[in-house]
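**Student:** Output the structure for:
(4 chains)
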Number of protein chains: 2
Amino acid sequence: MNKIDIIIVDDHQLFSTALHSLIGKFEDFNVIKVLNDGAEVVDYFKNGNPVPEIILMDIQMPIMNGIEATIWLKKNQPKIKVLALSMECDEATILAMLRAGAKGYLLKDIHPMVLKHAIHELHNVGFYYTENVTNTLLKSHAEDLNTNTIVLKDRELEFLKLTCTEMTYKQIAEKMFLSPKTVENYREALFEKLEAKTRIGLVLYAIKNKIVIL
Amino acid sequence: MNKIDIIIVDDHQLFSTALHSLIGKFEDFNVIKVLNDGAEVVDYFKNGNPVPEIILMDIQMPIMNGIEATIWLKKNQPKIKVLALSMECDEATILAMLRAGAKGYLLKDIHPMVLKHAIHELHNVGFYYTENVTNTLLKSHAEDLNTNTIVLKDRELEFLKLTCTEMTYKQIAEKMFLSPKTVENYREALFEKLEAKTRIGLVLYAIKNKIVIL
DNA sequence: AATGCTTAGGGGATATTTCCCCTTTATTTT
DNA sequence: AAAATAAAGGGGAAATATCCCCTAAGCATT
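**Tutor:** Below is the predicted model:
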């Protein structure tokens, strides 16, 4: 039987190391890489490295957070199944992560056997939600989880993050190595996509969907 | 021995009623009023009603949330000790509530005797923090909790909330029955107080400090 | 009576945001 | 090969936001 290839993404070295050795003990899993930030995920795949079946993804990470990284994966590596592994149990974060495309959501303090089971379910069935998460979904009326097919492009995401800053568009343009007029186009595109009327609307969207985390 | 006067503020009728009858069983407490929203708290005291020693304050409420209400109380009824009673256990909310001036923070699923004990501690010692909250405080380096003495005035708070909206200042002025120029002054005052450079800065502050809840 | 604080309002200038319409070049899809 | 799409850039105008400095009435403190 083939092993399931896994990548671990977590900025907390202690945790990712522990997880690595833990998963190593399960004979049917194979950790092919440990990455420390969402940004490293993007680099990893842009460089054409081996594609895993499953990614165990932390959420809070310094450069690119797990939600952004999952959004990127949805677009660029749609076959990979992302299992969110997080400390946060609040509804907003769970919803944001699932909207981003995660196929499962576990809290970090679960029993190892639950993790093992979750990975298998993800691999065989395609998703795995704990009771906790299911409840959250039901509570939130599961509105637009699947309806909401808003997919932001890389540069749009980058722009959106900078928009949640006290930078002017001119400054954002410099930071993105673009002309102010191009940044202007990103702004207009996002106004449409996210149904915003002003820059404030973009900021609210980004925060609600945890594209920026305060 | 004198009873301790208490006001309950919670929009969830079922809960506040249950709480009322529960506290009624403790002979040393006296619930003098049950209110259903932060806004009712403000009205209550503006009308010169009896002042309690302790307020049990919910956080999520439809019109004015518990954090705003506590900020208002800090300024207008500083002797009242606010005990937050909430479902949220995330760091940001706890910190925001304590910054707002709450003297204690309990989760709603605690044992009644813990609540009783907490109220007594609040009354006698002046504060009561569960281990949970203490941990959160230590983790967050307890930076500016006491240093941060930013007190927003009523109208400033009102303005700030509207600022987190896709309304222009002109529209905000209309809604507040002020001239655009006066709103302009509020903006400038808040820029200084909150160390913001742009309107985005105000929005970020309001969200971080849970003055608006997304 | 004088001082200070709060609340409300204003003038005038500059920078930024927002809107609408248009071009080019490369890549992807059909 | 033709058509659609993504990514980058632009002109010009109107609406908003930001800055700095100033006035006046009301109220509380000293």
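**Student:** mind checking the SS state of the closest residue to A:Leu115 other than its chain neighbours?
**Tutor:** Distances taken as Cβ to Cβ, 6 or more residues apart in numbering or on different chains place A:Leu106 nearest to A:Leu115, at 6.5 Å, with adjacent residues excluded. Heads up, the C-betas are built off the backbone N, CA and C, glycines and all. Following DSSP: H, G, I helix; E, B strand; the rest coil, we place A:Leu106 in the strand state.
**Student:** And the lowest mean pLDDT element among the helices and strands of chain A?
**Tutor:** Lowest by mean pLDDT, DSSP states H and E among the helices and strands of chain A is helix A:131-139, with a mean of 67.
**Student:** need the strands for chain A, in chain order.
**Tutor:** Under the criterion DSSP state E, strands of chain A are mapped to A:4-9, A:29-35, A:54-57, A:81-86, A:104-107, A:128-129.
**Student:** now those strands as a markdown table including distance to A:Gly48?
**Tutor:** Shown next, in a markdown table, are the strands of chain A (distance: least, Cβ to Cβ, whole Å):
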| stretch | distance to A:Gly48 |
| --- | --- |
| strand A:4-9 | 14 |
| strand A:29-35 | 13 |
| strand A:54-57 | 17 |
| strand A:81-86 | 20 |
| strand A:104-107 | 27 |
| strand A:128-129 | 29 |
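**Student:** Need the winner for burial among those.
**Tutor:** Mean neighbour count (mean count of other Cβ atoms under 10 Å in any protein chain shown) peaks for strand A:54-57 among these, with a mean of 26.
**Student:** Would you mind extracting the C-alpha trace of it into CSV?
**Tutor:** The C-alpha trace of strand A:54-57 is given here as CSV (Å, rounded to 0.1, in the frame of the first residue of the first chain):
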residue,chain,number,x,y,z
ILE,A,54,-2.3,16.4,2.2
ILE,A,55,-1.0,19.6,3.9
LEU,A,56,-1.3,20.1,7.6
MET,A,57,-1.6,23.8,7.9
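**Student:** measure the residue in chain A that DNA strand D sits nearest to to A:Lys161 for me?
**Tutor:** Residue nearest to DNA strand D within chain A (Cβ to the nearest atom of the strand): A:Ser179, separated by 3.1 Å. Distance of A:Ser179 to A:Lys161, given as Cβ to Cβ, to the nearest Å: 19 Å.
**Student:** So if I had to pick from the two, which one is more boxed in?
**Tutor:** A:Lys161 (16 against 12; other Cβ atoms under 10 Å in any protein chain shown).
**Student:** Am I right that that one is in contact with A:Ala206?
**Tutor:** Yes - at 7.0 Å, A:Lys161 and A:Ala206 qualify as touching, with contact defined as Cβ atoms under 8 Å.
**Student:** Spit out the residues that contact these two alike.
**Tutor:** Common neighbours of A:Lys161 and A:Ala206, using Cβ atoms under 8 Å, 6 or more residues apart in numbering or on different chains, are A:Val212.
**Student:** How about the contacts made by A:Tyr105?
**Tutor:** By Cβ under 8 Å, 6+ apart, the contact set of A:Tyr105 is A:83-84, A:86, A:94, A:97-98, A:129-130, A:133.
**Student:** So for stretch A:167-177, what gets flagged as buried?
**Tutor:** Neighbour counts over stretch A:167-177 (16 or more other Cβ atoms under 10 Å in any protein chain shown) mark A:167, A:169, A:172-173 as buried.
**Student:** So for A:Ser186, what's the pLDDT?
**Tutor:** For residue A:186 the amino acid is Tyr, not Ser. According to the prediction, A:Tyr186 has pLDDT 91.
**Student:** That one: what's its closest spatial neighbour, skipping adjacent residues?
**Tutor:** The shortest distance from A:Tyr186 to any non-neighbouring residue, by Cβ to Cβ, 6+ apart, is to A:Phe159 (4.4 Å).
**Student:** burial measure for that neighbour, as a count.
**Tutor:** Neighbour tally, A:Phe159, other Cβ under 10 Å: 25.
**Student:** What of the one 3 residues further on?
**Tutor:** Counted with other Cβ under 10 Å, residues neighbouring A:Leu162 total 18.
**Student:** Was I right to think it contacts A:Lys175?
**Tutor:** Yes - applying Cβ under 8 Å, one finds A:Leu162 in contact with A:Lys175, separated by 6.2 Å.
**Student:** circling back to that earlier point, in helices, which of the buried residues of stretch A:167-177 fall?
**Tutor:** Per DSSP state H, helices hold the following members of those: A:169, A:172-173.
**Student:** Where do the domain boundaries of chain A fall?
**Tutor:** Domain ranges of chain A: A:4-139, A:154-208, per automatic domain parsing.
**Student:** Switch those over to a markdown table; also include distance to B:Leu194.
**Tutor:** What follows is the domains of chain A, written out as a markdown table (distance: least, Cβ to Cβ, whole Å):
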| stretch | distance to B:Leu194 |
| --- | --- |
| domain A:4-139 | 23 |
| domain A:154-208 | 11 |
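**Student:** Mean pLDDT lowest where, among those domains?
**Tutor:** Among these, domain A:4-139 scores lowest, at a mean of 83.
**Student:** does that one come close to DNA strand D?
**Tutor:** No - judged by Cβ under 7 Å from any atom of the strand, domain A:4-139 makes no contact with DNA strand D; its nearest approach is 9.7 Å.
**Student:** Quick check: the gap between A:Phe26 and A:Thr163.
**Tutor:** 43 Å.
**Student:** Counting neighbours, go ahead and name the busier of the two.
**Tutor:** Neighbours per residue, other Cβ under 10 Å: of A:Phe26 and A:Thr163, the larger number sits with A:Thr163, 24 against 18.
**Student:** residues in contact with that one?
**Tutor:** Applying Cβ under 8 Å, 6+ apart to A:Thr163 gives the contacts A:172, A:187, A:190, A:199, A:202-203, A:206, B:200.
**Student:** Let's see that with 10 Å instead.
**Tutor:** Neighbouring residues of A:Thr163 by Cβ atoms under 10 Å, 6 or more residues apart in numbering or on different chains: A:169, A:172, A:183, A:186-187, A:190, A:196, A:199-200, A:202-203, A:205-206, A:211-212, B:200.
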